[in-house]
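Chemist: This is a predicted model, with the sequence first.
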Amino acid sequence: MTMELSRPNLRGLRSALGFSRESIARVLDVSTRTVERWEGGTNTDNADVMRRLDELSEIVRLGQEIYGDDLAWFMATPRQSLGNRTPAAVLVRGDLDDVLGILSQAYEGQWG
């Protein structure tokens, strides 16, 4: 599933995650200026960026389904399974799979 990079999508993801442009730029491994351009309407065909956006979309979808309006709380709460780091900090480090794994387990009822 490839997501079209558009202003509402990127801003919506950023907002749902509680990220600044700088934070989302780190997650996507691009410059803050690039994020600003994308939010202004410029698109990209960078496959790695699109994959990361797809993963972030899945994280937001699962997080909202599990936590609803408390997604921001989840993102800001340190988790033992993440080495006592917050999901937000783990995402900024580029470890999207770790956060997706926790949410997938929670969704499946495996709260371990």
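Modeler: Sure thing, it's come through.
Chemist: middle-most residue in the protein, spatially?
Modeler: Nearest to the geometric centre of the chain sits Leu56, at 3.5 Å (CA atoms, centre = their mean).
Chemist: Apart from its chain neighbours, what residue comes closest to it?
Modeler: Spatial nearest neighbour of Leu56, excluding adjacent residues (CB to CB, 6 or more residues apart in numbering): Leu13 at 5.2 Å. No exception for glycine: its C-beta is placed from N, CA and C like everyone else's.
Chemist: who are the neighbours in contact with the one you found?
Modeler: The contact partners of Leu13, by CB atoms under 8 Å, 6 or more residues apart in numbering, come to 19, 24, 53, 56-57, 60.
Chemist: pLDDT below threshold where in this protein?
Modeler: The model of the chain has pLDDT under 70 over residues 1-8, 110-112.
Chemist: how close does the residue nearest to the centre of the chain get to Arg21?
Modeler: When distance is defined by CB to CB, to the nearest Å, Leu56 is 14 Å away from Arg21.
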